[in-house]
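J.: how would this look folded up:
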Amino acid sequence: MSNELIINSTQKGERIVLLKNKRVVEYHIEEKDNNFTVGDIYLGTVKKVVQGLNAAFIDVGYDKDAFLHYLDLGPKFSSLNTFTKDVLAKKNVPYKLQDFKLKPEINKLGKISSIFSRNNQVLVQVIKEPISTKGPRLSCELSLAGRYLVLVPFSNSVNISKKITNKEERQRLQRLMSSIKPANFGIIVRTNAEGKEVAELDRDLKSLVEIWVNGMKSLRDAKPRDKIIGEMDRASSILRDMLNESFDSIVVDEKTIHGDIKSYIRKIAPDKEKIVKLHAGKTKIFEHYQIEKQLKLLFGKSVSLPKGGYLIIEHTEALHVIDVNSGNKSNVEQDQENTALNVNMEAAKEIARQLRLRDMGGIIIIDFIDMKKVENKRKVYEFVKEQLKQDRSKSTVLPLTKFGLMQITRQRVRPEMNITTRETCASCGGTGKVEATILVSDLIESNLEYVLNKQNEKKVTIALHPYLYAYFTKGGLMSKRVKWLFKYGRWVKLLKDSALPLANFKFYNRHSEELELQQ
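T.: Numbers count the residues shown, from 1 in each chain. Just a heads-up that it's a prediction; the model follows:
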């Protein structure tokens, strides 16, 4: 199974797609000013303590105060709080915690009003990004994730991932990490660590300790709302969590990001550096890999299944509902039970993909096609669980009810991903009345003359719909684009972009900046 990571750089940030066997399975948008990512650590200020909720609202710089429940303080909160106060007071404290004396654990059934009062400063970590009208959710159980390990300050435990099932390997990792871990740091050994040598694990551990020390040095002079330790960008975190032998290529279309990814890969997996490539094709990167078309097909209300069935996906504030339909599949097979089983199995595979792709979280209700046999219901249930093992977000799956409904809860830590698949008509603006489409080509030529002659641009690129691209390039030496060369003495680069509506187009200068056109 091949894995490819495709990164498209835009003015607003990066669009990141994970392909498995050329099919889109994950889609992320990394905005340039995106703060409050899961894993970010901030110096917050207590704004309000709510005894009824046993929680506090913390100001970390977001429009709405973040939420911190008493249970998210963690048992080691007293140690964290003391250490934070000492660092802010500029006392001589050991950033590596080697001589730090841990405080007693707090009471699990305690009250937050006995811990906090208004304007207290506290070190917090984002565990859930702002969603809808809610601010971020916070925790004081700080942790730093690496490729093989998770570092937990103010703890001394070593825990091994439950997915590592080999008893000897678990014992090996337990002995190894207990011998090399620093004092007053706990370790969680991730699934990726299975079979790894001590040198690789030690390198990862030292890197995490260095991140912690640098963060605590910045805390010394920090002000409320400051980000103390930032989680790495989405592309790097995907590579950190998923990079393995099945990764074939990482393709980027921007030189700076290409350099950053290459240096990161060099640090975590030097043997994989050669798979990082810079896209230099004439077509846009998402067009070249046919990603744009897949996204339009996959994010609609109706999603087709390969053998004739289809899904209807509805989103509400409270939950997500997925309805499985057999479509024309029911006309092919004679046995109704077999038809239902086959469509349901096919649907289960696509549903697992859709949950990852749209990053759907919370409660998901799936209405499978009714099956009478208990063993068939169990097959579908086990298959769904198997498919969700590839998902990095935690989920819980319940067996099918007698009505054919399946309930899934999936970890929700960031807003659901969505793409508008229906476009407002570019010509009519939704009024239902359009000008003749032949005028679009005239409008492009008019703007080209304006840009080249009035604005005196030396090098121009026009992004347009594939139909318009074909119109301006057909005829070879007799095409309209060649005629422009003779007319203006400059070659105009045309770029196919199926993300644009038919009558839309964009002009770019030699620095890839969008040009303002005449009205």
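
J.: just the helices in the chain please.
T.: For the chain, applying DSSP state H gives helices covering 77-88, 167-180, 198-219, 234-242, 255-268, 285-288, 291-298, 336-358, 374-388, 438-449, 466-473, 480-488.

J.: what helices or strands is the first one leaning on?
T.: Right, helix 77-88. strand 121-128, helix 198-219 (3 or more C-beta pairs under 8 Å, 6 or more residues apart in numbering; DSSP states H and E). In short, each C-beta sits where N, CA and C put it, glycine included.

J.: Those: which one's closest to residue 161?
T.: Of all those, it is helix 198-219 that lies closest to residue 161, at 13.1 Å by C-beta to C-beta.

J.: how much does the closest one deviate in direction from strand 121-128?
T.: Here helix 198-219 runs at an angle of 130 degrees relative to strand 121-128 (axes from the mean of the first three to the mean of the last three C-alpha atoms, to 10 degrees).

J.: any idea how far helix 198-219 is from the chain center?
T.: On the basis of C-alpha atoms, centre = their mean, to the nearest Å, helix 198-219 sits 24 Å off its chain's mean C-alpha point.

J.: Outside of that helix itself, list whatever touches it.
T.: Helix 198-219 is contacted by residues 41, 43, 84, 87-88, 95-96, 123, 144, 146-149, 151, 153, 176-177, 180-182, 185, 187, 193, 226, 228-229, 267 when judged by C-beta atoms under 8 Å, 6 or more residues apart in numbering.

J.: can you do 6 Å?
T.: For helix 198-219, the external contacting residues (C-beta atoms under 6 Å, 6 or more residues apart in numbering) are 87, 95, 144, 146, 147, 148, 149, 151, 176, 180, 228, 229.

J.: ok, now stretch 127-143?
T.: Contacts with stretch 127-143, where a contact means C-beta under 6 Å, 6+ apart, come from 36, 38, 58, 62, 64-68, 72-74, 77, 80, 124-126, 150, 152-153, 413-415.

J.: try 7 Å
T.: Here stretch 127-143 makes contact (C-beta atoms under 7 Å, 6 or more residues apart in numbering) with 36-38, 41, 58, 60, 62, 64-68, 72-74, 77, 80, 122-126, 150-153, 413-415.

J.: coming back round to it: to residue 351, which of the helices and strands packed on helix 77-88 lies closest?
T.: strand 121-128 (23.5 Å).

J.: Can I get that closest one in CSV, CA atoms only?
T.: Coordinates of each C-alpha in strand 121-128 appear next as CSV, following Å, rounded to 0.1, in the frame of the first residue of the first chain:
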residue,chain,number,x,y,z
GLN,A,121,-1.5,32.6,36.0
VAL,A,122,-1.3,29.0,34.9
LEU,A,123,0.5,27.0,32.2
VAL,A,124,-2.1,25.2,30.0
GLN,A,125,-2.2,23.0,26.9
VAL,A,126,-4.8,23.0,24.2
ILE,A,127,-6.5,19.6,24.0
LYS,A,128,-9.5,20.7,21.8
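
J.: Now which of the contacts of stretch 127-143 would you call buried?
T.: Among the contacts of stretch 127-143, those buried by neighbour count (16 or more other C-beta atoms under 10 Å) are 36-38, 41, 58, 60, 62, 65-68, 72-74, 77, 80, 122-126, 150-153, 413-414.

J.: Of those residues, which belong to strands?
T.: If you go by DSSP state E, the buried ones among the contacts of stretch 127-143 have 41, 58, 66-68, 122-126, 150-153 in strands.

J.: returning to what we had before: out of the helices and strands packed on helix 77-88, which gets nearest to residue 495?
T.: The closest of the helices and strands packed on helix 77-88 to residue 495 is strand 121-128. By C-beta to C-beta, the value is 37.8 Å.

J.: who does that closest one pair up with?
T.: strand 41-50 (antiparallel), strand 137-139 (antiparallel) (DSSP bridges).

J.: mind checking how far the shortest one is from the chain centre?
T.: Put simply, strand 137-139 sits 19 Å off its chain's centre (C-alpha atoms, centre = their mean).

J.: got the buried residues for stretch 78-89?
T.: Neighbour-count burial for stretch 78-89 flags 78, 79, 80, 81, 82, 83, 84, 87 (criterion: 16+ other C-beta under 10 Å).

J.: what comes into contact with that stretch?
T.: Here stretch 78-89 makes contact (C-beta under 7 Å, 6+ apart) with 93, 100, 102-104, 106, 121-123, 140, 142, 154, 216, 219-220.

J.: Repeat that for stretch 285-300.
T.: Stretch 285-300 is touched from outside by 6, 8, 17, 19, 24, 27, 251, 253, 279, 281, 357, 418-419, 421, 496-499, with contacts defined as C-beta under 7 Å, 6+ apart.

J.: what's the answer for stretch 398-409, then?
T.: 362-371, 377, 380-381, 384, 395-397.

J.: Take that stretch, keep the C-alpha atoms, and write them as PDB.
T.: Coordinates of each C-alpha in stretch 398-409 appear next as PDB, following Å, rounded to 0.1, in the frame of the first residue of the first chain:
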ATOM      1  CA  LEU A 398     -21.200  -0.200  19.200                       C
ATOM      2  CA  PRO A 399     -22.800  -3.300  17.500                       C
ATOM      3  CA  LEU A 400     -25.800  -2.800  15.100                       C
ATOM      4  CA  THR A 401     -29.200  -2.500  16.800                       C
ATOM      5  CA  LYS A 402     -32.200  -4.500  15.600                       C
ATOM      6  CA  PHE A 403     -33.100  -1.600  13.400                       C
ATOM      7  CA  GLY A 404     -29.800  -1.800  11.600                       C
ATOM      8  CA  LEU A 405     -28.300   1.400  13.200                       C
ATOM      9  CA  MET A 406     -24.700   1.600  14.300                       C
ATOM     10  CA  GLN A 407     -23.400   4.200  16.800                       C
ATOM     11  CA  ILE A 408     -19.900   5.600  16.700                       C
ATOM     12  CA  THR A 409     -18.300   8.200  18.900                       C
END
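
J.: list the buried ones in that stretch?
T.: 400, 404, 406, 408.

J.: try stretch 477-488
T.: Buried residues in stretch 477-488, counting neighbours by 16+ other C-beta under 10 Å, are found at 479, 480, 481, 482, 484.

J.: which pair in the contacts of helix 198-219 spans the largest distance?
T.: Farthest pair in the contacts of helix 198-219 (C-beta to C-beta) is 87 and 176. Separation: 30.9 Å.

J.: quick revisit: tell me which two in the ones in strands among the buried ones among the contacts of stretch 127-143 are the farthest apart.
T.: Greatest spatial distance among these (C-beta to C-beta): 67 and 151, at 24.9 Å.

J.: Buried deepest among the strands paired with strand 121-128, which one?
T.: Highest mean neighbour count of these: strand 137-139, a mean of 22 (counted as mean count of other C-beta atoms under 10 Å).
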